[in-house]
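Undergrad: structure for this input, please:
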Amino acid sequence: MVASAATTRCSGRAAVIHRGSGVQGGDGSRSDRLIRPDNRCGGMDPTTSGRFRVHDRRPRPDIEGADDETREGSGTDSADEEFVLVEHADGPVDPTESDAGDRFDPLYATAEGYEDDLADRVASLDPGYVVDATLAWTDGSARFVAVEVVRETRFRYADAVDGMFEAAVDAWRSLRADGEAVGSVTTRSNDGDPNGALYLFADGPGADTFDDLRAGRLPVEPLVARVNASRDDDDPREVFVLAPADHEFVAVYVVFDRDGVLAQTVRDTYGLGPGLAAGLESGVPDTAKAGEGDRTDDRSQIDGDGAEDGDNDFDDFDALDRL
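TA: As a prediction, the model looks like this:
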């Protein structure tokens, strides 16, 4: 079942919608493109309301294949900053639904040029936040009309990192030995309590998995949704997207407790924000280990189908043995 679908209404002139296609080309590349809305709005600007994940904030990229007329009509400049938004479902997305593959396509909203209280609300948005928002499509660009934060999960990205923790490297080598390109491990604290889900993705020649994850072309949302569905709490998470400099994989680490020792240790290690040095009473970090039954052959999780976990081959997995 698909939950919390965004709704579109009409409120003005026709617009060119700037939305990520998420479509993979025959050469394996992915690109953004401009999509013109259909005529259901009868020549009026649509507005879109729903619940979204703020996936990233970045300068607006040039759009491959857009002609000069399209760029001029969009009313935007590549130097402008924009938010990458992904529709957020309250429950699992049924992969058999006809629009399931489109549910995680990113759309883009202008991040600058707001006034008064709305300017403060937009400026406070961090990657990872879940928001209830209304977007107006005007002059080819989506802008916030209203926005309210409902969950303060955080996404943090680090490319070409040195010192990738050894357990992730060992797990990746085991996956590759089994001929797998994607896998996951549930990590545990010293007390044996689950504290994170580590997902590993291949990043072979000609691919840029890190960029695809950051831009929302390869969806992170099903991974976070799977964690949320498995937890008894409603706590915000910390999601680290890490691309090691010396290995051809990308790790997505969904840490259950955004403010716990594990999240703070990872932030400290990779320079991704305040961590243990920001005021922990104890200097002894929580480790993250994988217990039995935690590994999955996890291509299905990318599609958000909620497949059951398989057998774990990673005994004594220590996700922080290098931190």
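
Undergrad: isn't residue 201 up against residue 252?
TA: Yes: Residue 201 lies in contact with residue 252 (C-beta atoms under 8 Å); the separation is 7.0 Å. Yep, even glycine has a C-beta here, placed from its N, CA and C like the rest.

Undergrad: pull up the overlap in contacts between the two.
TA: Residues touching both residue 201 and residue 252 by C-beta atoms under 8 Å, 6 or more residues apart in numbering: residue 213.

Undergrad: all the strands of the stretch 151-300 of the chain, residue numbers only.
TA: Listed in chain order, the strands found in the stretch 151-300 of the chain under DSSP state E, counting those that start in this stretch are 154-161, 182-188, 194-202, 238-244, 249-255, 289-290, 296-297.

Undergrad: partners of the fourth one, with directions?
TA: Read it as strand 238-244. Paired neighbours of strand 238-244 in the sheet (DSSP bridges): strand 154-161 (parallel), strand 249-255 (antiparallel).

Undergrad: tell me the mean pLDDT over the longest strand along the chain?
TA: Ranked by number of residues, the top strand in the chain under DSSP state E is strand 46-59. In this model, strand 46-59 carries a mean pLDDT of 92.

Undergrad: list the helices and strands it packs on?
TA: strand 7-10, strand 81-87, strand 130-138, strand 141-151, strand 154-161, helix 209-215 (3 or more C-beta pairs under 8 Å, 6 or more residues apart in numbering; DSSP states H and E).

Undergrad: per-domain residue ranges of this protein.
TA: 7-151, 154-318 (automatic domain parsing).

Undergrad: mind telling me which of those the model trusts least?
TA: When I compare the domains of the chain, domain 7-151 is least confident, with a mean of 71.

Undergrad: contact partners for residue 161?
TA: Going by C-beta under 8 Å, 6+ apart, residue 161 touches 242, 243, 244, 245, 270.

Undergrad: taking those residues, please make a ChimeraX selection of just the buried ones.
TA: To isolate the buried ones among the contacts of residue 161 in ChimeraX, judged by 16 or more other C-beta atoms under 10 Å, type:
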select :242,243,244,270
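
Undergrad: looking at the contacts of residue 161, which is nearest residue 169?
TA: residue 244 (7.5 Å; C-beta to C-beta).

Undergrad: do you know how far the closest one is from residue 152?
TA: Relative to residue 152, residue 244 is positioned 28 Å away (C-beta to C-beta, to the nearest Å).

Undergrad: same thing with residue 58?
TA: 20 Å.

Undergrad: would you mind putting the CA coordinates of stretch 102-120 into CSV?
TA: Only the C-alpha atoms of stretch 102-120 are listed here, as CSV (Å, rounded to 0.1, in the frame of the first residue of the first chain):
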residue,chain,number,x,y,z
ASP,A,102,8.2,7.0,-9.4
ARG,A,103,7.6,7.5,-5.7
PHE,A,104,11.2,8.2,-5.0
ASP,A,105,12.0,10.4,-7.9
PRO,A,106,13.5,13.7,-6.6
LEU,A,107,12.0,17.1,-7.1
TYR,A,108,13.7,20.4,-6.5
ALA,A,109,12.6,23.5,-4.6
THR,A,110,14.3,26.9,-4.6
ALA,A,111,16.2,27.4,-1.3
GLU,A,112,16.6,31.2,-1.4
GLY,A,113,14.6,34.4,-1.8
TYR,A,114,12.0,33.9,0.9
GLU,A,115,10.7,36.5,3.4
ASP,A,116,9.7,36.8,7.0
ASP,A,117,8.7,33.7,8.9
LEU,A,118,8.9,31.5,5.8
ALA,A,119,12.5,32.6,5.2
ASP,A,120,13.4,31.4,8.8
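
Undergrad: for the closest residue to residue 85 other than its chain neighbours, give its distance to residue 176.
TA: Leaving aside its chain neighbours, residue 85 sits nearest to residue 52 (4.3 Å; criterion: C-beta to C-beta, 6 or more residues apart in numbering). According to C-beta to C-beta, residue 52 stands 35 Å off from residue 176.

Undergrad: more crowded one of those two?
TA: residue 52 (26 against 15; other C-beta atoms under 10 Å).

Undergrad: show me what contacts that one?
TA: Counted by C-beta under 8 Å, 6+ apart, residue 52 has contacts 6, 85, 86, 87, 88, 130, 131, 133.

Undergrad: and residue 109, by the same measure?
TA: Here residue 109 is in contact with 82, 83, 85, 133, 135, 142, 143, 144 (criterion: C-beta under 8 Å, 6+ apart).
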